[in-house]
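Colleague: just to be clear, the model below is a prediction. Sequence and coordinates:
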Amino acid sequence: MDLTNAIWRTSRRSGSSGGNCVEVADNLPGIVGVRDSKDPAGPALTFGPAAWQAFVTQVIGRP
């Protein structure tokens, strides 16, 4: 999966202490990328938009 043009963002809930954070890229057609903010050159996971939305809904309890 080519994530070259991904625009990565970190959650507003992430602290500035450099802790355990993830970055999400949702600007690519048909996929959502997720990666470790401390290792931006490392591996990334990809999800379909529906699967990502279902995950987020389960985590935060609302769409």
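Modeller: Yep, that arrived. Residues are numbered from 1 along each chain as shown.
Colleague: span of stretch 38-50 from start to end?
Modeller: Start-to-end span of stretch 38-50 (C-alpha to C-alpha, to the nearest Å) is 26 Å.
Colleague: pull out the buried positions in it.
Modeller: Ala44, Thr46, Phe47 (16 or more other C-beta atoms under 10 Å). Every C-beta, even on glycine, is put in place using the N, C-alpha and C of the backbone.
Colleague: so what touches it?
Modeller: Identification of contacts with stretch 38-50 by C-beta atoms under 8 Å, 6 or more residues apart in numbering yields 1, 3, 6, 8, 18, 20-21, 23, 26, 30-36, 55.
Colleague: and of the buried residues of stretch 38-50, the nearest to Val59?
Modeller: Nearest to Val59 among those is Phe47, at 12.9 Å by C-beta to C-beta.
Colleague: excluding its backbone neighbours, what's nearest the residue nearest the centre of the chain?
Modeller: Centrality entry for the chain: nearest residue to the mean C-alpha point is Val24, 2.1 Å, by C-alpha atoms, centre = their mean. Nearest residue to Val24, sequence neighbours excluded (C-beta to C-beta, 6 or more residues apart in numbering): Val34, at 5.6 Å.
Colleague: what's the neighbour count on that neighbour?
Modeller: Counted with other C-beta atoms under 10 Å, residues neighbouring Val34 total 16.
Colleague: tell me the bridge partners for it.
Modeller: Val24, Leu45 (DSSP bridges).
Colleague: which residues touch it?
Modeller: Val22, Glu23, Val24, Ala25, Ala44, Leu45, Thr46, Phe47.
Colleague: by pLDDT, give me the weakest of those.
Modeller: When those are sorted by pLDDT, the bottom entry is Val22 at 88.
Colleague: give me the phi and psi for that one.
Modeller: phi -120, psi 160 (degrees, to the nearest 10).
Colleague: same thing with Trp8?
Modeller: Backbone torsions of Trp8, given as degrees, to the nearest 10, read phi -90, psi 140.
Colleague: that one contacts Glu23, doesn't it?
Modeller: Yes - between Trp8 and Glu23 there is a contact under C-beta atoms under 8 Å: 4.1 Å.
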